[in-house]
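Peer 1: below is the structure, and that's it, no one-letter string:
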């Protein structure tokens with residue numbers, strides 16, 4: 001191989017490298033992302049209900065605080081406990097489960113539970129309840145617990161059908177700056193609680209702001225959207241009932257005459 005051929009090959013290789021590689025220290029700018037932010041759903045607890053049409057049912061939401069080292073009982077109600085702060089020991093039928101911040105569990109109407117604040121601070125939790133109208137005024141947790149009612153539906157949950165239902169508690173996290181999701185509705189009904197962040201709901205063209213602590217009832221057929229215009233995640237808790245085997249959320253609008 002001649003010296004002239006070797007020199008020519010080296011020049012071509014050097015020029016090629018200079019064209020394809022960025023200068024030392026230069027920064028490349030990534031192209032625009034096509035990935036849209038989406039909500040993340042985590043089912044925290046669930047239960048099966050053989051029927052929801054025997055008697056009219058209501059959603060009810062309580063905030064319960066038990067002083068450190070003290071205990072109370074929870075009686076005869078279908079509901080989910082969601083731990084907000086402190087530590088809570090829940091004993092049902094001889095089995096004890098310890099709940100910490102963000103944990104949840106179901107306690108059914110056919111059982112009673114002993115609730116004890118086991119840590120050095122009060123145990124504070126939300127109690128999402130599904131109650132017949134006759135039980136709406138009954139005490140669920142007694143002294144020394146401090147109980148605050150946050151919400152109850154003013155009328156029974158509408159449009160429930162015969163057959164088994166699924167009762168779930170789900171945490172939904174919407175990332176910052178997430179646009180409103182597509183219009184959708186519930187196959188059964190849901191009670192929302194805004195655990196953190198500030199979101200927006202759009203119903204029938206009207207958009208409202210929902211800050212932390214907001215409650216919202218979504219009956220069957222209410223077409224709506226959720227969005228997160230803020231710079232922090234929006235965290236929603238949803239107590240939902242839906243017919244067994246049917247999607248919890250259905251995109252679009254319900255069929256005419258189905259309400």
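Peer 2: The structure has been received and is ready for your questions. Quick caveat, the model's predicted, so the values are computed rather than measured. Numbering: from 1, shown residues only.
Peer 1: the helix or strand hosting residue 131 pairs with which strands, and in what direction?
Peer 2: In the assignment (DSSP states H and E), residue 131 maps to strand 123-132. Neighbouring strands of strand 123-132 in its sheet, by DSSP bridges, are strand 57-66 (antiparallel), strand 78-85 (antiparallel).
Peer 1: okay, now the unreliable bits of the chain?
Peer 2: Along the chain, the model assigns pLDDT under 70 to residues 1-35, 257-259.
Peer 1: the helices in it, which residues?
Peer 2: 3-20 (DSSP state H).
Peer 1: domains of it?
Peer 2: Domain segmentation of the chain under automatic domain parsing yields 37-52+157-254, 56-154.
Peer 1: kindly reformat these as JSON lines containing mean neighbour count.
Peer 2: Where you see a C-beta, it was placed from the backbone N, CA and C, and this is true even at glycine. Below are the domains of the chain laid out as JSON lines (neighbours: other Cβ atoms under 10 Å):
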{"stretch": "domain 37-52+157-254", "mean neighbour count": "17"}
{"stretch": "domain 56-154", "mean neighbour count": "17"}
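Peer 1: distance of residue 215 from residue 222?
Peer 2: Distance of residue 215 to residue 222, given as Cβ to Cβ, to the nearest Å: 15 Å.
Peer 1: pretty sure residue 76 contacts residue 109?
Peer 2: Yes: using Cβ atoms under 8 Å, residue 76 is in contact with residue 109, at 5.5 Å.
Peer 1: got any residues that touch both of those two?
Peer 2: Contact criterion Cβ atoms under 8 Å, 6 or more residues apart in numbering; residues shared by residue 76 and residue 109: none found.
Peer 1: contact partners for residue 101?
Peer 2: Residue 101 neighbours (Cβ under 8 Å, 6+ apart): 83-85.
Peer 1: any chance of these in JSON lines, with distance to residue 144 too?
Peer 2: As requested, those are exported to JSON lines (distance: Cβ to Cβ, whole Å):
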{"residue": "83", "distance to residue 144": "18"}
{"residue": "84", "distance to residue 144": "18"}
{"residue": "85", "distance to residue 144": "17"}
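Peer 1: closest to residue 62 among these?
Peer 2: Closest to residue 62 out of the contacts of residue 101 is residue 84 (11.7 Å), distances taken as Cβ to Cβ.
Peer 1: can I assume that closest one is in contact with residue 122?
Peer 2: No: with contacts counted by Cβ under 8 Å, residue 84 stays clear of residue 122, the gap being 10.1 Å.
Peer 1: check contacts around the nearest residue to residue 211 once chain neighbours are set aside.
Peer 2: Using Cβ to Cβ, 6 or more residues apart in numbering and skipping residues adjacent in sequence, the residue nearest residue 211 is residue 198, 4.7 Å away. The contact partners of residue 198, taken as Cβ under 8 Å, 6+ apart, are 209-212, 228-230, 234.
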